[in-house]
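1. Just a sequence and a predicted model for now, questions to come.
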Amino acid sequence: MVEIATAVGTPIYIYSQAELQARAAAFVTAVPSANTLACYAVKANNNPAILGLLRQAGLGADVTSGGELFLALHADISPDKIIFSGVGKRRDEIEMALDAGIRALHVESAMELEAIAAIAGERQQVARIGVRVNPDIHAETHPYMTTGEKWHKFGVAPETAVTLLHAAREHPALHPVGLAAHIGSQITAVPPFVQSAHFLVQLADELAASGIRLEYVDVGGGLGIDYGDWRLEIGDSPQQSPGSNRQSPPIVEWVTAVTQPILAAGYGVVMEPGRSVVGPAGCLLTRLTYTKTQGGTQFAIVDAGMSDLIRPTLYDAYHPVLPVAEAPDGHAAERYTVVGPICETGDWLAKERALPPLRPGDLVAIMQAGAYGYAMASNYNGRLKPAEILVNGNRFTLIRKRQDYTHLLDGCLAPE
């Protein structure tokens, strides 16, 4: 950590290649079957070097935009291992998917199906489509991360899904191939996923009885990780956000549970893991700038902030914080609220953590930050996006340069 910070500076995202490969392999090998495909959710972390590693491990890609599709193809992920999800696909994105020949476009509304049919028809192509159904299953997680209940914007009602798939079967420019669901993110209990899998199988069987035999059932992703399992807090009992303090099941347990009913029914399986692949493999390394005590709170002001890692601000999310250097003997822990330099009261990374006494220049690592860290970073307050590093054994490689100030002018034009 010290060597990397000296060479590259801070703040910086650091990822473990070995951990990424091991977690990806767990999804590929958990259920030996030619009928299972794990499509990595590119939104979790879209660094091209990481996408390349996951392709080598056997993962496909779940994309939600033309940009993510571009990155997946750039990483040489085979188009027949790419699915395109999302509620608002534009015409150019649909055309891009048809040009690439991806496995399927997952439809989330009647109007979208009509648009895909019209575009494919104009191009004299046949679009492979799946339909994302909303199973109305409640999952314990942050409200912003639930996606499978009937009042959410995602997917369609079961009866609508049946109607859309029948319409697709009758349309010469459409080929129905799949049925999908995704109930949310950072879910640490297996039963809701199993409930969703059984729901999808039952619906697929009903469709088969009416003459539509689908190729696969997509059980989605959303398996949580253990944000609270790195315990430096020295007797601390922090308040954690929903889903963060429950023990997550091993990947093999989750994969076995969700695939069993689908494979038993004779369908192929698609999964969409994201956070569970990259989350524990990364950290955000930051350096202490100042400390100050105000209103009874001791602040540790670091050079990373909500522009680098917005999860604490957005979700009230808990991330473990570790000092890079060991505490000197005889120094009792102190309570710090770790904040960044952004001009927002909401700019915080950790609250009331017990840490060794910190001094300017000390390095601290925000753990479990491989997912939805850099991917959600911004240039707010004129901040530069951090660099990204991949560690392999005792070597490290720069896989994304830190921005410089000229990047703040990207795409800007002076008025005439």
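-> Here it is on my side, so go on.
2. S16 - how many residues pack around it?
-> Counted by other C-beta atoms under 10 Å, the residues lying close to S16 total 18. C-beta: built from backbone N, CA, C; applies to glycine.
3. Where do the domain boundaries of this structure fall?
-> If you go by automatic domain parsing, the domain ranges for the chain are 17-279, 280-398.
4. pLDDT averaged over the longest one, what's the number?
-> Averaging pLDDT along domain 17-279 yields 88.
5. Check the offset of that domain from the chain's centre.
-> On the basis of C-alpha atoms, centre = their mean, to the nearest Å, domain 17-279 sits 11 Å off its chain's mean C-alpha point.
6. what do you get for the shortest one?
-> With C-alpha atoms, centre = their mean as the basis, domain 280-398 stands 20 Å off its chain's centre.
7. so how many other residues sit close to L51?
-> Using other C-beta under 10 Å, L51 has 23 neighbouring residues.
8. Now the domains of the chain in TSV, please, with extra columns for distance to H407.
-> As requested, these are exported to TSV (distance: least, C-beta to C-beta, whole Å):
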stretch	distance to H407
domain 17-279	16
domain 280-398	7
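9. Mind checking those domains for the one nearest to E416?
-> Taking C-beta to C-beta, domain 280-398 is the member of the domains of the chain nearest to E416, at 25.2 Å.
10. list the buried ones in the lengthiest strand in the chain?
-> For the chain, the strand with the greatest residue count under DSSP state E is strand 282-294. Under the neighbour-count criterion of 16 or more other C-beta atoms under 10 Å, strand 282-294 has G282, C283, L284, L285, T286, R287, L288, T291 buried.
11. For the next helix or strand after that strand, name the packing helices and strands.
-> Beyond strand 282-294 on the C-terminal side, the first helix or strand identified by DSSP states H and E is strand 297-302. The contact analysis (3 or more C-beta pairs under 8 Å, 6 or more residues apart in numbering; DSSP states H and E) places strand 297-302 against strand 282-294, strand 334-339, strand 348-355.
12. As CSV, those strands with mean pLDDT and distance to P32 would be great.
-> CSV is the format used below for the helices and strands packed on strand 297-302 (pLDDT from 0 to 100; distance: least, C-beta to C-beta, whole Å):
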stretch, mean pLDDT, distance to P32
strand 282-294, 98, 29
strand 334-339, 96, 44
strand 348-355, 95, 41
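13. As TSV, these with distance to E93 would be great.
-> As requested, those are exported to TSV (distance: least, C-beta to C-beta, whole Å):
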stretch	distance to E93
strand 282-294	28
strand 334-339	38
strand 348-355	34
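14. Those strands: which one's closest to G228?
-> strand 348-355 (11.9 Å).
15. So for that closest one, what gets flagged as buried?
-> For strand 348-355, burial by neighbour count (16+ other C-beta under 10 Å) applies to W348, L349, A350, K351, R353, A354, L355.
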